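*Asks:* Below are the sequence and a predicted model for it; my questions follow.
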Amino acid sequence: MIQLTAPAATRINAQLAKRGRGVGLRLGVKKSGCSGWAYVLDYADVIEPGDEVFESAGAKVVVKTEQLDKLDGITLDFQRDGLNESFKFINPNVKGECGCGESFAV
C-alpha cells in the first residue's frame, strides 16, 4: 500500500493539471548510490500491465508490482521549506541511508 498526504495529493493533481495530461505519478526505484537504491518519480500517462494503482484525494500513484517489495507501506509527502519544495519519502522498509541522502538500502 502506498499512502499520500494531503499536500502530496494536491501537488500531484496541480502538476498534472499544469501538464495537461497524465493519469498520475509513477513512483519507482533504481539501483543507485552507495546504499543501493534511489527513488524515481515520473508522470504516468497510462496504466500498464503489471502496474498497481493507489489513490488518495483524487491523486493516483502508479507502481510496478515487482518494485512493491521496496515501496510497500511508503508515505509520500510534499513539503515546502522556505524556497525549497520537494516530495519526501517515509519508507518503513529502509534499513539504512547513505550520508548524502541520495540512496537507501532495504
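*Replies:* Noted; the coordinates are in hand. All values derive from a computational prediction rather than experimental measurement.
*Asks:* Report how many residues lie close to residue 21.
*Replies:* Neighbour count for residue 21, taken as other C-beta atoms under 10 Å: 8. For glycine as for every other residue, the C-beta is placed from the backbone atoms N, C-alpha and C.
*Asks:* and it, what pLDDT?
*Replies:* Per-residue pLDDT puts residue 21 at 95.
*Asks:* Quick test: name the residue nearest the centre of this structure.
*Replies:* Among the residues of the chain, residue 27 comes closest to the average C-alpha position under C-alpha atoms, centre = their mean, at 4.0 Å.
*Asks:* Under a three-state scheme, what state does that one occupy?
*Replies:* Of the three states, residue 27 takes strand according to DSSP: H, G, I helix; E, B strand; the rest coil.
*Asks:* Please verify my assumption that it contacts residue 62.
*Replies:* Yes - counting by C-beta atoms under 8 Å, residue 62 is a contact partner of residue 27 at 7.2 Å.
*Asks:* How much space separates residue 74 from residue 21?
*Replies:* For residue 74, the distance to residue 21 equals 25 Å [C-beta to C-beta, to the nearest Å].
*Asks:* An error on my part: the question was meant for residue 41.
*Replies:* Taking C-beta to C-beta, one finds residue 41 at 17 Å from residue 21.
*Asks:* Also residue 80?
*Replies:* 25 Å.
*Asks:* As a check, name the ranges of all helices in the protein.
*Replies:* Using DSSP state H, the helices assigned to the chain run over residues 6-19, 68-71.
*Asks:* Turn those into CSV, including distance to residue 86 and mean neighbour count.
*Replies:* Conversion of the helices of the chain to CSV gives the following (distance: least, C-beta to C-beta, whole Å; neighbours: other C-beta atoms under 10 Å):
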stretch, distance to residue 86, mean neighbour count
helix 6-19, 10, 16
helix 68-71, 18, 17
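*Asks:* Which among those is found nearest to residue 45?
*Replies:* helix 6-19 (9.6 Å; C-beta to C-beta).
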